[in-house]
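In: Okay, structure incoming, though there's no sequence with it:
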């Protein structure tokens, strides 16, 4: 995150300063763009999920925020037809609960409700609405995946079951303390973890499945833009806020850089 003196939101669970101007502010003010934000925001403090209400003043230039939430890597989204309220759930699977009180019996998911699919479909509908009024638009699709809980809908969950991944050489060095990790980074798998190999294989297979689901949805969006003859007039920026150590140096997830 940028410096605390600039944005205020220099770490997780710390809200960004309310006076920060974003590219959405500038596009709306200078070029009358329609703007929207879909997905995880993570810049409004500790609220979880922290859906953005219509009366919220923390929009930062994004006019349409109906599918924006603050925290949580929810795997299943559902919107009430009458109230339009967005509900989000984890999965009722071992070690995969986002919040125990907010899980659902939706282990298999589907292409209409799985979060990655849902956000891309919502964004396509948003583009359609702007094309009807011939309005320029700018939007962010902020995907929770690839991220824990380690689960993705079928066919992606089992798509890479037949694939085996080499354990990173740096994991062996981690066991030998060669080089020794700094004290603040001492966690991860250890010499006594006899289930490391299978745990690692499951982790990587699911990670690949989550990425493949994203790839297919990017393809769906690209196909739509081309069908509407606006692909060449649309700037697409594909980026990420972090990766996953995926076993390198005996660590998973993120938050502990190692050089």
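Out: Here it is on my side, so go on. Quantities reported herein were computed from a predicted structural model and do not represent experimental measurements.

In: just the helices in the stretch 101-250 of the chain please.
Out: According to DSSP state H, counting those that start in this stretch, the stretch 101-250 of the chain carries its helices in the segments 115-132, 169-175, 196-227.

In: if we compare these, which one ends up closest to residue 23?
Out: With distances scored as C-beta to C-beta, the stretch of those nearest to residue 23 is helix 115-132 (16.9 Å). The C-beta positions use only the backbone N, C-alpha and C, and glycine is treated the same way.

In: helices and strands around the closest one, which ones?
Out: Other elements packing on helix 115-132 under the criterion 3 or more C-beta pairs under 8 Å, 6 or more residues apart in numbering; DSSP states H and E are strand 34-40, strand 64-69, strand 76-79, strand 137-142, helix 196-227.

In: Would you mark the buried spots in stretch 235-248?
Out: Taking 16 or more other C-beta atoms under 10 Å as the neighbour-count basis, stretch 235-248 is seen to contain the buried residues 244-248.

In: where does the closest residue to residue 44 other than its chain neighbours land on pLDDT?
Out: Leaving out its chain neighbours, the residue that sits closest to residue 44 by C-beta to C-beta, 6 or more residues apart in numbering is residue 70, at 4.3 Å. Residue 70 carries a pLDDT score of 92 in this model.

In: Next, work out how far apart residue 70 and residue 142 are.
Out: For residue 70, the distance to residue 142 under the criterion C-beta to C-beta, to the nearest Å works out to 11 Å.

In: any shared contact partners between the two?
Out: Common contacts of residue 70 and residue 142 (C-beta atoms under 8 Å, 6 or more residues apart in numbering): 40-41.

In: between the two, who's got more neighbours?
Out: Set residue 70 next to residue 142 and count neighbours by other C-beta atoms under 10 Å: residue 70 wins out with 20 against 16.

In: How about the backbone phi and psi for the more buried one?
Out: phi -90, psi -60 (degrees, to the nearest 10).

In: Contact partners for the residue lying closest to residue 157 once chain neighbours are set aside?
Out: Distances taken as C-beta to C-beta, 6+ apart place residue 209 nearest to residue 157, at 5.6 Å, with adjacent residues excluded. The neighbours of residue 209, taking C-beta under 8 Å, 6+ apart as the test, are 152, 156-160.

In: of all the residues you listed, which comes closest to residue 26?
Out: For residue 26, the closest of the contacts of residue 209 turns out to be residue 152, at 35.7 Å, with distances computed as C-beta to C-beta.

In: separation between the closest one and residue 218?
Out: Taking C-beta to C-beta as the criterion, residue 152 is separated from residue 218 by 15 Å.

In: the more surrounded of those two?
Out: Taking residue 152 and residue 218 together and counting by other C-beta under 10 Å, residue 152 has the greater number of neighbours (27 against 16).

In: That one contacts residue 205, correct?
Out: No - when contacts are counted by C-beta atoms under 8 Å, residue 152 is not listed as touching residue 205 (9.8 Å).

In: what's the distance between the residue of the chain positioned farthest from its centre and residue 149?
Out: Relative to the average C-alpha location in the chain, and by C-alpha atoms, centre = their mean, no residue lies farther out than residue 176, which sits at 34.0 Å. In this structure, residue 176 lies at 31 Å from residue 149, with C-beta to C-beta as the measure.

In: pLDDT score assigned to the residue farthest from the centre of the chain?
Out: Per-residue confidence at residue 176 stands at 76 (pLDDT).

In: Many thanks, have a good one.
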